Structure formats: structure tokens, C-alpha cells
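1. need a structure here:
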Amino acid sequence: MSGKQRPVLVSARALGTEGCNDMLVHPRFEAAILEIREIGSRFTEHRNSLAAGGLAYFVALAVAPAAIVIGALTGLLVGPGQVRAALNSLAAQAPIEASALKPVTDSLVAATEHSSVGGVTATSIVGGLVAIYAASKVVYGVRLALDGVFETKAKRRGLIGRVIATLITLIGMVLVVSAFVALTVLPRILYWLGWTEVRVFSGIGVIDWAVCALLIWLATRWVMQHAPNNPRPIPWRALGPIVTTIWLLLVSAGLGVYANLSTTLGSAIAVFGGVVVFLLWFYVGFMGLLVGAEIEAQSQRKSDFAN
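-> Numbers count the residues shown, from 1 in each chain. From the prediction side, this is the model:
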């Protein structure tokens, strides 16, 4: 920890010491409790819950217009029926994962499929501008939130930071369109080359979830390393990205099951649409990202204090 110890932390340590003397708590257990208290205190101090809500809002704001643009661009290259068939094929290969994520993906797929019928229109252009604005806000907000978590001075608050966020957004939209096209075109090309059985998922739940966990872990570690103005590297065995990865996997599976079984959330989805699931998933997901970042920031402070 840094030298900026707050009185609350000092009193917490004193209370923890007294509890250890009275109840004979194991020192490692006591240290873990103090670490959790410190991380929770800093999480509240940095207003990460509020930041996660704002980021989730801008993601929800960007989803619908982005789906219109992606659907229009995809419709110029492949038909909507081909996109739906490719996604159904993926769902058949991994039914457990598809069932868990079904409430989240259905609304985005439906918007993409319907918008692709009209091609690129004025609505698509306006939607693209709204999507770029909202998504760039998400990128910009994530970088500022992580700067606050790692307590580093942000150097990208001005025009350059917003331009970088916009470029990242455009690259992301291009990648999504490319993925849609690849899902429909690549199987045909491979079929012509003689590969009749092409699978994206293995069909074995443990293996598929392990691969998803690996990809999420790599992405989370990359975000924690490059999003904030933090020159320090994130170790490969860092606990923060691991906690975020487990958090996101549990949220993805748990929210899908809960949405399918809960009558309350099901009624909300029927009234307000899939945006309810989007908001809830992204809010809890951003919470997990910021919790993992707080854990990694705490580890860096401990390393600085030890040195």
C-alpha cells in the first residue's frame, strides 16, 4: 500500500487486530479480510458502481443503431437468411452456451436481421453516427475509469483521447461486420475445398467454456494493461484479470438461466425488450472489470510499499 493511508484503514487494521486477539483468527485469514476491506473501500471511493452504470447506459444506447449499421453493411454482402442460418449453426454446435446467452443475443440478431433488408439508408447513416458517438463514450469512459482505479493522471482527456476512442469504435464495428460475413462465407469456401464438417465449437461444454475463459482473460488483461495511463505491466499470473474472467463467465451463464426462469425479469423483457438484459449484463460486467482492476491496483500498491 502507498503512504496515503486513510484513518479508516488504520482503524480497520486496529479492529482487525483486536478481533484476531479475541477470536484467534488465523493471520492469513485476517490479512485477506483487510485486503477485501481496502479494495471495497477504494471501489466505493472511486465511484465504480456509478461508472459501471454510465458505461452500461452508453453501451445500450449504441447497441440499436450499431445493429442497424451492421445489418445494413452485412446485407450488402450476404443475405439476412444466411446470417441467421450461420448463427443457428453455431447455436447447434454449442447448445448450452447458446441457451445461456440467448436473451442477450436475440435482440441484437433480430435488429441486425431486420435492418439488413433495406440496405444502407439515411436511417443507417444517422444510426451509425449515434452508434459511433455512444460507443466512443464507452471506450473513453473505460479509460478514464481505469485511470481512476490505478490512480494515474489521464493524459487523453482532450480531443486526442476522443479521436482515439472513435477510431477504436470504428475498428470494432468493422470487426463485427467481418465476423458476420466470415460466418456465412467461410463455411462455403471450406465446403468447396472438400471440408464438409466445419465446427467453430467442439460441442464439449468444458472445452468450449475453457476457450471462452482464455479469450476473456486475454482481452481483460489487455484492457487493464493498455486502457489506463499505467506504464506498469500486468503479470500473466495477476489475480485481477482472473477474477474478472470468472466474474464474466458466471454472469453470462447465470443471467441467461435467470432470464429464462424468472417470471419477473421475463415480464420486464416482454414490456421493455432485450435492452433490460443488455443493461443488466453490461452493468454487472463492467462492475466485474472494475473489481478486477481494483485488485490489480491493490497488488501494485503492495509491491510499491514492500519496495
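2. any weak-confidence spans in the stretch 151-300 of the chain?
-> 154-158, 161, 173, 176-205, 256-276, 278 (pLDDT under 70).
3. One more pass at 90, please.
-> 151-213, 225-237, 249-282, 299-300 (pLDDT under 90).
4. Count residues in the vicinity of residue 146, would you?
-> By the criterion of other Cβ atoms under 10 Å, residue 146 has 27 neighbours. Where C-beta positions appear, they are placed from N, C-alpha and C, glycine not excepted.
5. Same check on residue 215?
-> With other Cβ under 10 Å as criterion, residue 215 counts 11.
6. Could you list every helix and strand in contact with the helix or strand hosting it?
-> Under the criterion DSSP states H and E, the helix or strand holding residue 215 is helix 205-226. Here helix 205-226 touches helix 95-115, helix 122-149, helix 239-261, helix 275-306, going by 3 or more Cβ pairs under 8 Å, 6 or more residues apart in numbering; DSSP states H and E.
7. so it versus helix 239-261, what angle?
-> Here helix 205-226 points in a direction 130 degrees away from that of helix 239-261 (axes from the mean of the first three to the mean of the last three Cα atoms, to 10 degrees).
8. Okay, angle between helix 205-226 and helix 122-149 too, please.
-> Using the same axes, to 10 degrees, helix 205-226 lies at 70 degrees relative to helix 122-149.
9. Wait, residue 249 touches residue 209, no?
-> Yes. Contact criterion Cβ atoms under 8 Å: residue 249 and residue 209 qualify, at 6.9 Å.
10. returning to that earlier point: mind listing what's buried in the helix holding residue 215?
-> Judged by neighbour count using 16 or more other Cβ atoms under 10 Å, the buried positions of helix 205-226 are 208-209, 212, 216-217, 220-221, 223-225.
11. got it, and stretch 37-44?
-> Buried, per 16+ other Cβ under 10 Å, within stretch 37-44: 37-38, 42-43.
12. of the residues you listed, closest to residue 277?
-> residue 43 (24.6 Å; Cβ to Cβ).
13. got the angle between the helix or strand that closest one falls within and helix 122-149?
-> Per DSSP H and E, residue 43 falls inside helix 27-45. Following the same axes, to 10 degrees, one obtains 130 degrees for the angle between helix 27-45 and helix 122-149.
14. I'd like the mean pLDDT over helix 27-45, please.
-> On average, the pLDDT along helix 27-45 is 85.
15. sorry, back to before: out of the buried residues of helix 205-226, which comes closest to residue 287?
-> residue 220 (13.3 Å).
16. For the closest one, give me its contacts.
-> Each residue near residue 220 by Cβ atoms under 8 Å, 6 or more residues apart in numbering is listed here: 241, 244-245, 248, 289, 292.
17. give me that answer again for 6 Å
-> 241, 244-245 (Cβ atoms under 6 Å, 6 or more residues apart in numbering).
18. residues near residue 66, how many?
-> 25.
19. next one: residue 128
-> 20.
20. Could you count how many residues lie near residue 237?
-> 7.
21. oh sorry, the question was meant for residue 130
-> The burial count for residue 130: 17, using other Cβ under 10 Å.
22. What of residue 129?
-> 12.
23. separation between it and residue 62?
-> When distance is defined by Cβ to Cβ, to the nearest Å, residue 129 is 11 Å away from residue 62.
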